[in-house]
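K.L.:
Build me a structure from this.
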Amino acid sequence: MTITPSFNSLLPQPALRRARSAAAVTLMAAVGLVAALAPAQAQRGQAGTEEAIAGDFEALRLTALGQKRFGRPITPKNLNLVSSISISSSKARHNFKPVDCEVLGSLPNLKFISLGRLSLSAACARALARAPRLERLSFSGTTLEAGALRAISKLPGLTTLVMYYVTGLRVEEASDLRNARGLRSLSITQGDGVTGGTRIDDTLFRVFAGLPISELYLRGVDLTDASASVIAGLKLNNLRLVDTQFTTQGLQTILEGSPQLRTLQLRNNRRLTSALGPTIAGLTQLQNLDLTSMRVGGELGGLGTLARLRSLKLSNIGVTNDDLTGIAASPSLTSLQLSSNPTITDKGYENLAKLTALRTINLSGSRPTIRGVRALSTLPELTTLDLSEAQLRGDLSAILARFPKLTSLALSGNAFDRADITRLLKRTRLRRLSIYRTRVTKPQAKAVRKQFPRTRILHY
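P.N.:
Here you go, the predicted model:
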């Protein structure tokens, strides 16, 4: 194809279709497919139209790659509606040909492409960049050949780039991403026990300084505290760091240089040697916070001062009752996850009753007693409650009936039987109930579903 991004964006739709048609016919002639498709067009009375032949060819190639639109086959009639393409299955990878890069680049409304375990050449990347509305690219186990990333950086509409165990990242080409002025989100995954991919170290990451992104996700990368100032300089709104090598000092550098953060995820960063709670409490714009498995319990009371905090995830970090005393002062918290925190006692749950805006709470594996559950029944807006693996048993229907707006409940992993569940459903207005790994058998669960058809019962 010869359509360039600038030419493609300026053409009106009829002209764009003619250009696609002419390019596709030229392309098909080179691979000997025009003769094969022309009879089908003749049968429909469209024998001479290049556009019709092009449409058949593009649909044929997408079908060979196993692509569908909302579960239905792709045809010339719905080509213009194709907005996302994923080439990761063994069938798709086996059938992927260089000509398919041109096909994908010709789709007028394609916005997202995902490539898995393929080798991306510079020529293919340039062809993909011709898709006029392409915004998001995801590479998983992909090898970027020389020039590929440089071509990608020239994609005018690129907003999101995901690189999962990508091989072939080069310093001289990665720096070109700074020219992708529309880029807003960058995601890089390297570790997590999976081999392969270019090692993301401080030298390579340094070229990302000055990127125009507002969202950064790093997982398993080999960065040290030397890269902390680079991250702080990006002025991010959303930051996710999972399984990294940053120490407490490095994380403090990042957080103190990012007062504008709205979303912060710090998971499994095991090199922490001291507290981070007070530093996080200084992020006054924070709306979403995830500290799963960070082991920073005992210093989180200050989070209650974050006036804009909506979602808080504190799973498996050793939350204390004192932490909850402070957190209970949060005026706007709507979602709270406290799973796998057996350190919390009934006193802590009683403090949570002050969170009057709370709609969702997850206590799975935290083992609240009946007294603790009863303390939460006064929450006026609570709709979703997870009590899985809480070592509860017996009749809780009277207590759970007190929750004024409860519609979704998880009781999996507890010793409830059919009678307990039946009483519960009779006294509540649940629309969703999870009872995996309880004493309710599969036939009993089927009978309960029949008795209470308005409730979605989740069971094996």
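
K.L.:
rest of the way, CA atoms for contacts and neighbours
P.N.:
Fine.

K.L.:
mind listing the strands for the stretch 51-200 of the chain?
P.N.:
68-69, 72-73, 84-87, 112-116, 119-120, 136-140, 143-144, 160-164, 185-189 (DSSP state E, counting those that start in this stretch).

K.L.:
in its sheet, what does the third one sit against?
P.N.:
For strand 84-87, the paired strands and their directions (DSSP bridges) read strand 112-116 (parallel).

K.L.:
Name the residues that touch the strand it pairs with?
P.N.:
The list of residues contacting strand 112-116 from outside it, by C-alpha atoms under 8 Å, 6 or more residues apart in numbering, reads 83-89, 93, 134-142.

K.L.:
wait, which of the strands of the stretch 51-200 of the chain is closest to Leu314?
P.N.:
Shortest separation from Leu314 across the strands of the stretch 51-200 of the chain is recorded for strand 185-189, at 22.8 Å, computed as C-alpha to C-alpha.

K.L.:
Pull out the buried residues from the closest one.
P.N.:
Residues of strand 185-189 classed as buried: 185-189 (neighbour count, 16 or more other C-alpha atoms under 10 Å).

K.L.:
Near the nearest residue to Thr253 once chain neighbours are set aside, how many other residues are there?
P.N.:
On the basis of C-alpha to C-alpha, 6 or more residues apart in numbering, the spatially nearest residue to Thr253 that is not a chain neighbour turns out to be Ala228, at 6.2 Å. For Ala228, the tally of surrounding residues (other C-alpha atoms under 10 Å) stands at 21.

K.L.:
ok, now Gly71?
P.N.:
A count of nearby residues for Gly71, using other C-alpha under 10 Å, gives 7.

K.L.:
Let me know the pLDDT of it.
P.N.:
The pLDDT attached to Gly71 in the predicted structure is 74.

K.L.:
Could you check the pLDDT of the closest residue to Glu350 other than its chain neighbours?
P.N.:
With sequence-adjacent residues excluded and distances taken as C-alpha to C-alpha, 6+ apart, Glu350 is closest to Ala375, at 5.2 Å. Among the per-residue scores, Ala375 holds a pLDDT of 94.

K.L.:
in a strand, that's where Thr253 is, yeah?
P.N.:
No - counting by DSSP: H, G, I helix; E, B strand; the rest coil, Thr253 is not part of a strand but helix.

K.L.:
That one contacts Ser229, correct?
P.N.:
Yes - with contacts counted by C-alpha atoms under 8 Å, Thr253 reaches Ser229, the gap being 6.6 Å.

K.L.:
what kind of secondary structure is Gln444 in?
P.N.:
With three-state DSSP as the basis, the three-state label of Gln444 is helix.

K.L.:
number of nearby residues for the closest residue to it other than its chain neighbours?
P.N.:
Nearest residue to Gln444 in three dimensions, chain neighbours excluded: Arg418, at 6.7 Å (C-alpha to C-alpha, 6+ apart). Burial of Arg418 is recorded as 16 neighbouring residues (other C-alpha under 10 Å).

K.L.:
What of Lys426?
P.N.:
Neighbourhood size, Lys426 [other C-alpha under 10 Å]: 12.

K.L.:
element containing it, please.
P.N.:
Under DSSP states H and E, the secondary-structure element containing Lys426 is helix 418-427.

K.L.:
Same question for that helix: list its buried residues.
P.N.:
Of all the residues in helix 418-427, those buried under the rule 16+ other C-alpha under 10 Å are 418, 420-421, 424-425.

K.L.:
which outside residues touch stretch 319-330?
P.N.:
Counting by C-alpha under 8 Å, 6+ apart, the neighbours of stretch 319-330 from elsewhere in the structure are 296-307, 309, 338, 341, 343-345, 347-349, 351-355.

K.L.:
For ChimeraX, write the selection for the buried entries among the residues you listed.
P.N.:
When burial is assessed using 16+ other C-alpha under 10 Å, the buried subset of the contacts of stretch 319-330 is captured in ChimeraX by this command:
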select :296,297,298,299,300,301,302,303,304,305,306,307,309,338,341,343,344,345,348,349,351,352,353,354,355
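
K.L.:
Check what pLDDT Val194 gets.
P.N.:
Among the per-residue scores, Val194 holds a pLDDT of 43.

K.L.:
ah, wrong one, I meant Val296
P.N.:
Predicted confidence (pLDDT) at Val296: the value is 73.

K.L.:
if I look at the residue lying closest to it once chain neighbours are set aside, how far off is Arg170?
P.N.:
Setting aside the residues directly before and after it, Val296 is nearest to Ile317 in space (C-alpha to C-alpha, 6+ apart), at 5.9 Å. Relative to Arg170, Ile317 is positioned 38 Å away (C-alpha to C-alpha, to the nearest Å).

K.L.:
more neighbours, those two?
P.N.:
Ile317 (20 against 16).

K.L.:
Name the SS class of that one, please.
P.N.:
Under the three-state scheme (three-state DSSP), the conformation of Ile317 reads as coil.

K.L.:
gap between the two ends of stretch 153-162?
P.N.:
Taking C-alpha to C-alpha, the span from the opening residue of stretch 153-162 to its closing residue is 13 Å.

K.L.:
likewise stretch 359-374?
P.N.:
Between the opening and closing residues of stretch 359-374 lies a distance of 16 Å (C-alpha to C-alpha).

K.L.:
list the buried ones in that stretch?
P.N.:
Residues 359-369, 372-374 are the ones in stretch 359-374 that count as buried (16+ other C-alpha under 10 Å).

K.L.:
can you redo the residues you listed as JSON lines with distance to Asp56 and secondary structure?
P.N.:
Output for the buried residues of stretch 359-374, formatted as JSON lines (distance: C-alpha to C-alpha, whole Å; DSSP: H, G, I helix; E, B strand; the rest coil):
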{"residue": "Arg359", "distance to Asp56": "51", "secondary structure": "coil"}
{"residue": "Thr360", "distance to Asp56": "50", "secondary structure": "strand"}
{"residue": "Ile361", "distance to Asp56": "52", "secondary structure": "strand"}
{"residue": "Asn362", "distance to Asp56": "51", "secondary structure": "strand"}
{"residue": "Leu363", "distance to Asp56": "54", "secondary structure": "coil"}
{"residue": "Ser364", "distance to Asp56": "53", "secondary structure": "coil"}
{"residue": "Gly365", "distance to Asp56": "55", "secondary structure": "coil"}
{"residue": "Ser366", "distance to Asp56": "58", "secondary structure": "coil"}
{"residue": "Arg367", "distance to Asp56": "60", "secondary structure": "coil"}
{"residue": "Pro368", "distance to Asp56": "61", "secondary structure": "coil"}
{"residue": "Thr369", "distance to Asp56": "64", "secondary structure": "coil"}
{"residue": "Gly372", "distance to Asp56": "64", "secondary structure": "helix"}
{"residue": "Val373", "distance to Asp56": "61", "secondary structure": "helix"}
{"residue": "Arg374", "distance to Asp56": "64", "secondary structure": "helix"}
